[in-house]
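Participant: Fold the following for me, if possible:
(2 chains)
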Amino acid sequence: MNPGIDSLLRTIGPYNGAPNEYNYEFAKQQLRSSKILVIGAGGLGCEILKNLALTGFTDIHIIDMDSIDLSNLNRQFLFRKEDINKSKAEVAARFVKSRVKNRFLKIVPYYGRIQDKPVEYYQQFSCIICGLDSVEARRWINATVVAMVGPAMENLVPIIDGGTEGFRGQSRVIIPTVTSCYECTLHMLTPKVTYPVCTIANTPRLPEHCIEWASELAWGQKFSVKFDADNEQHVDWVFEQAQARGRQFHIGGITRSLTLGVVKSIIPSIASTNAIIAASCCNEAFKILTDNNGHLDNYMMYSGDDSVFTYTFEAAKNPGCPVCGTQTKTVRCQNWWTLETFISEMRTMPELQVKNPSLSTAGTKLYFAAPPSLYEATKQNLCKRVKDLVSEDDEIAITDSSLPISLRVKLEFEGPESEPANIDVLVS
Amino acid sequence: MTATKEKSNKYDRQLRLWATSGQSRLEDCHVCLVNATSTGSEVLKNLVLPGIGDFTIVDDSVTTDADVANNFFMTRTDTGRPRSEAMCKYLGELNQDSNGHFVTRPLHSLEDGFWSQFNIVVITDYVASERLIQIKDLLFELEIPLLLVNTVGYYGTVHLITKEVTVIDTHANNLYDLRVDKPWPELLEYAHSFNWDALDDTDHAHIPSVVILINALENWRSHHESPAPRNTNEKKEFRRLVSLMARNMDFETNFIEAIETISRAYRRTSVSSELHQLFNNPKVPGETVGNDTPLFWVLIKALKQFVDVSQQIPLSGSLPDMASDTKNYVRLQRLYREKADKDKRELVEATKILLKRDLTSSELDSVSVFCKNIQTLHVAEGSGNLSSPELIESLVKESSNGFEDSNSNANTLAIYYGLLTFNEFINEVHRVPCPHDLEVFTQLFTKKFKVDHSEISTSIMNTFKEILCHNTTNYINTASLIGGIASQEVLKLCTSQYIPLDNMLVFDGIRSISNRYKIS
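Facilitator: So this is what the prediction gives:
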């Protein structure tokens, strides 16, 4: 074994909270036998693989659905220019295997979606480390792993989740059903910037308004195919249209780079921050699996843009969490809202974050986005007032293509009974 | 794909942080790493990837199996070859835009002149040997920033040693400078140009909130002695005044916005005390500006002259988005921009007079960035010391309080001194200290930092025990984390953007916490 790692494991430090339970042989065995799943082979994933392999873990699995792009090479150090368009998971696994000479080291890549794998697949791991950039994938894996936990706490797989943005990031440890889960703290995410349709359509002021106009409104009027932000030609067309609109309204500062940033919601990313957060995640995995020291309980925020600052705290469990909570979540609904208004409001609620939801109560199907037959059967409810469809006692189940579970909510009605007259002004 | 386009695609995710200005400074940078350790390779990896111009690795030892086991940028075929050469080769593969060099000569054989070629130096596993102390002091005199980066077990420290750090482009949260309380003539004229009663409902709901606040404040002043609402009652009255200007406070988003941003009317346009302090800084040149005066201080001098005349700082010119139609918003934006341009031209003129020459295009860019960031300029003065009496005092005092709280500072300070002592031990005994060395280790600490043995609390002792017990200097997770933090510092210093560490950070990987200290 690596002498440095051996020196860590051989002795118990004064801060180990349960020294009598610590066992050197067990800790060594854990390095050899723990099966670790890494989700994401991007900026964080590359770092995580390197760290796990150098620490001496030998049974590593890695999933990523993406292929390598030129813009990854400023941080994803396991990839070279020749690897562009190849599977991230496969290239990363092969590179680490060839660099780290450990005959026991096994890295199994999977080039595909996490949703492709059954629950049994996730049950085999000792620990899951996530280096993802998508809220949707995190919610999915979180809900899946929390749901796996049995009544006698069997199938308990800790999740260690990392995330970065520019010089900032966070790492957290989720012990399913014991600590808060990803869904518990969904409201902590900064909401995605959205612009009112009226501003985009009628009163643009910022370059972003012109870009949204081109990609959301003008594109749909001109083409029948869906706008694809990964298609160079699509982006070029949107960029030209946005510039033209900018000229018409005397709005400057519309660049191709900004256009790409807006249509792809690009998050700035650098190697340094990924290294910091990935190392924190792997350090926690090492402590959890070997018991060599206590682990993070349960959230560390890092910021390096204004000096260096970390904030470590225990993110509290949310009793109303639809994934691990026991109470039903309450959502406020205006008395006058139609089902259609309610659904569009739900999309921007930070604690829900749904895309195209279907809703039902115990007795009735309120609205189904799919399949077409159910959509036809329920679409007439869209223009009805929510208040006339359900009562405050009803529990509403919300399902969404982006979620593996259904969100259960109760409503609390408030506000005016009928739609305020001057609503146009309000939304502009 | 053209070379330029390929480059902007490759670096897209970082250009969104520091733009082409930061990137070209990074590409002009030459960083030096002393000691080809695991931590060192992590630092350089994060600098080669974003395209630092040059890196040089100084290390005279040869690669061993233990090195390879903890370093991703060495392989077994390198054992017996110089460590610096191996690391340089594998790091170089990460990015062809970055030029790698290595030096295998021992430190004592490198002349003082060798060091002046670098923009920044990183020393990992810093041991206070005679030669390294000389190099540290030399770099301090040369004003070349030095980062000392140490890791032991779960612990790590990063210490930035430099005489002075000044940053213009701090990316700090800037308060909008809107001048609601002191509109310049053109802005006031525009604010007066609305015929409120004649506007239809749509246009009325599109009057920009800044215009609403300027008019409301003017109205308020005609009934009051003070220039702006000060206490709770006056503020309450002012809010009422604003809401009375609306036709429908429930639906006119511009008026709702005016209430939400009402503090913009309370804000007094004045020159902050921080700026006055900067004006009095001894670094500000007198009547004669030398060729070697840093541009930052020349600009502060020019700013002081500007403030002396106008009692205001140059306008930044940025305007937040606000509920409005395009016509009024664009008009308002132009007013802010034109005033900002005028102020900037005055500052440029003042700078030219001070320098007695025209400004280069890069200096002109700096003035533009300067004008946008006057409220958030960063200046920090550093020292060349590794320890200070104040720090020792707080180590002893806080530990003796029996502070075993998980977020107490005492323990992280003990980590810092523990790591200094760890390296002192290596310097004197020529090996890494082990748990059975605790007594010698503690004696070394008391001798070196002039602390009485009775002042060593249990909490300090436990931290020392932890350091001796988990005494590896290349646990990859600590190396990568601390190396990552150090590389962020190098990036901030190279690009002259964002705010660097001031000046020492301790990370505790057992509790996953960190603390900052200023060593004066």
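Participant: if I pick the nearest residue to residue A:183 once chain neighbours are set aside, what's in contact with it?
Facilitator: Nearest non-adjacent residue to residue A:183, counting by CB to CB, 6 or more residues apart in numbering or on different chains: residue A:323, 4.0 Å away. Heads up, the C-betas are built off the backbone N, CA and C, glycines and all. When contacts are counted by CB atoms under 8 Å, 6 or more residues apart in numbering or on different chains, residue A:323 touches A:142-143, A:146-147, A:181-184, A:405.
Participant: Distance check, residue A:323 against residue A:123.
Facilitator: Using CB to CB, to the nearest Å, we find residue A:323 at a distance of 17 Å from residue A:123.
Participant: Where does the closest residue to chain B within the stretch 1-150 of chain A sit: helix, strand or coil?
Facilitator: Closest residue of the stretch 1-150 of chain A to chain B, CB to the nearest CB: residue A:4 (3.8 Å). Secondary structure, DSSP: H, G, I helix; E, B strand; the rest coil: residue A:4 is helix.
Participant: do the same with residue B:158
Facilitator: Classified using three-state DSSP, residue B:158 is strand.
Participant: Give me the neighbour count for it.
Facilitator: The number of residues packed near residue B:158 is 29, by other CB atoms under 10 Å in any protein chain shown.
Participant: Relative to chain A, how far out is it?
Facilitator: Distance, residue B:158 to chain A, by CB to the nearest CB, to the nearest Å: 8 Å.
Participant: and that residue, what are its bridge partners?
Facilitator: residue B:149, residue B:505 (DSSP bridges).
Participant: Just list the residues touching it, thanks.
Facilitator: By CB under 8 Å, 6+ apart, the neighbours of residue B:158 are A:308, B:147-149, B:482, B:485-486, B:489, B:501, B:504-505, B:507.
Participant: Which of the residues you listed ranks first by neighbour count?
Facilitator: The member of the contacts of residue B:158 that has the most neighbours, counting by other CB under 10 Å, is residue B:486 with 32 neighbours.
Participant: My guess is that one contacts residue B:151. True?
Facilitator: No - Residue B:486 lies out of contact with residue B:151 (CB atoms under 8 Å); the separation is 10.2 Å.
Participant: Next, show the common contact partners of those two.
Facilitator: In contact with both residue B:486 and residue B:151: residue B:39, using CB under 8 Å, 6+ apart.
Participant: how near is the residue nearest to residue B:81 when sequence neighbours are not counted to chain A?
Facilitator: Nearest residue to residue B:81, sequence neighbours excluded (CB to CB, 6+ apart): residue B:63, at 5.6 Å. Using CB to the nearest CB, one obtains 13 Å as the distance from residue B:63 to chain A.
Participant: Contact residues of the stretch 201-350 of chain B facing chain A?
Facilitator: B:201-202, B:205-206, B:248, B:250-253, B:321-326, B:329-330 (CB under 8 Å from any CB of the partner chain).
Participant: Among those residues, which are located in helices?
Facilitator: Per DSSP state H, helices hold the following members of those: B:201-202, B:253, B:326, B:329-330.
Participant: Pull out the buried residues from those residues.
Facilitator: Neighbour counting with 16 or more other CB atoms under 10 Å in any protein chain shown marks B:253, B:326, B:329-330 as buried within these.
Participant: What parts of the stretch 251-400 of chain A come near chain B?
Facilitator: Contacts of the stretch 251-400 of chain A with chain B, taken as CB under 8 Å from any CB, map to A:251, A:257, A:260-261, A:266-276, A:278-280, A:282-284, A:286-287, A:293-294, A:296, A:300, A:304-310, A:312.
Participant: returning to that earlier point: burial of the residue nearest to residue B:81, as a residue count?
Facilitator: Neighbourhood size, residue B:63 [other CB under 10 Å]: 24.
Participant: Which pLDDT value goes with it?
Facilitator: Looking at residue B:63, its pLDDT reads 96.
Participant: again, but for the one 3 residues further on
Facilitator: Per-residue confidence at residue B:66 stands at 91 (pLDDT).
Participant: ditto for residue A:192
Facilitator: 77.
Participant: Quick check, it in contact with residue A:262.
Facilitator: No - Residue A:192 lies out of contact with residue A:262 (CB under 8 Å); the separation is 11.2 Å.
Participant: if you count what's nearby, which of the two comes out ahead?
Facilitator: More crowded of residue A:192 and residue A:262, by other CB under 10 Å: residue A:262, with 22 against 11.
Participant: what's the closest non-adjacent residue to that one?
Facilitator: Leaving aside its sequence neighbours, residue A:262 sits nearest to residue A:211 (CB to CB, 6+ apart; 4.6 Å).
Participant: returning to what we had before: correct me, but the residue of the stretch 1-150 of chain A closest to chain B touches residue B:477?
Facilitator: No - here residue A:4 lies out of contact with residue B:477, judged by CB under 8 Å, at a distance of 10.7 Å.
Participant: Tell me which of those two has more neighbours.
Facilitator: Counted by other CB under 10 Å, residue A:4 and residue B:477 do not tie: residue B:477 has more neighbours, with 26 against 23.
Participant: out of everything not next to it in sequence, what's closest to residue B:206?
Facilitator: Nearest to residue B:206 is residue B:325, by CB to CB, 6+ apart, at 4.3 Å.
Participant: Show the backbone phi and psi for residue A:40.
Facilitator: phi 100, psi 120 (degrees, to the nearest 10).
Participant: Quick one: residues contacting residue B:379.
Facilitator: Contacts of residue B:379 by CB under 8 Å, 6+ apart are B:164-167, B:278, B:281.
Participant: How is chain A partitioned into domains?
Facilitator: A:3-190+A:268-313, A:197-264, A:329-427 (automatic domain parsing).
Participant: Start and end of the shortest one, how far apart?
Facilitator: Distance between the two ends of domain A:197-264: 19 Å, counting by CA to CA, to the nearest Å.
Participant: now do stretch B:157-166
Facilitator: 23 Å.
Participant: Quick one: mean pLDDT over that stretch.
Facilitator: Computed over stretch B:157-166, the average pLDDT equals 97.
Participant: next one: stretch B:384-396
Facilitator: 92.
Participant: Figure out the helix or strand that residue A:359 lives in.
Facilitator: strand A:358-360 (DSSP states H and E).
Participant: quick one: contacts of that strand?
Facilitator: With contact meaning CB under 8 Å, 6+ apart, strand A:358-360 is reached by A:339, A:343, A:366-370, A:374, A:396-400.
Participant: re earlier: for the ones in helices among the residues of the stretch 201-350 of chain B next to chain A, which one is nearest residue A:38?
Facilitator: The shortest approach to residue A:38 among those belongs to residue B:253, at 46.5 Å (CB to CB).
Participant: Give me the pLDDT value at the residue nearest to residue A:23 when sequence neighbours are not counted.
Facilitator: Nearest residue to residue A:23 in three dimensions, chain neighbours excluded: residue A:291, at 7.9 Å (CB to CB, 6+ apart). Looking at residue A:291, its pLDDT is 95.
Participant: Using PDB, write out every CA atom in stretch B:189-198.
Facilitator: The C-alpha trace of stretch B:189-198 is given here as PDB (Å, rounded to 0.1, in the frame of the first residue of the first chain):
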ATOM      1  CA  GLU B 189     -33.500  67.800 -16.600                       C
ATOM      2  CA  TYR B 190     -34.600  64.400 -17.900                       C
ATOM      3  CA  ALA B 191     -36.200  63.600 -14.500                       C
ATOM      4  CA  HIS B 192     -38.300  66.800 -14.900                       C
ATOM      5  CA  SER B 193     -39.300  66.000 -18.500                       C
ATOM      6  CA  PHE B 194     -42.200  63.800 -17.500                       C
ATOM      7  CA  ASN B 195     -45.700  65.300 -17.600                       C
ATOM      8  CA  TRP B 196     -47.100  62.800 -15.100                       C
ATOM      9  CA  ASP B 197     -50.800  63.600 -15.400                       C
ATOM     10  CA  ALA B 198     -50.800  63.600 -19.100                       C
END
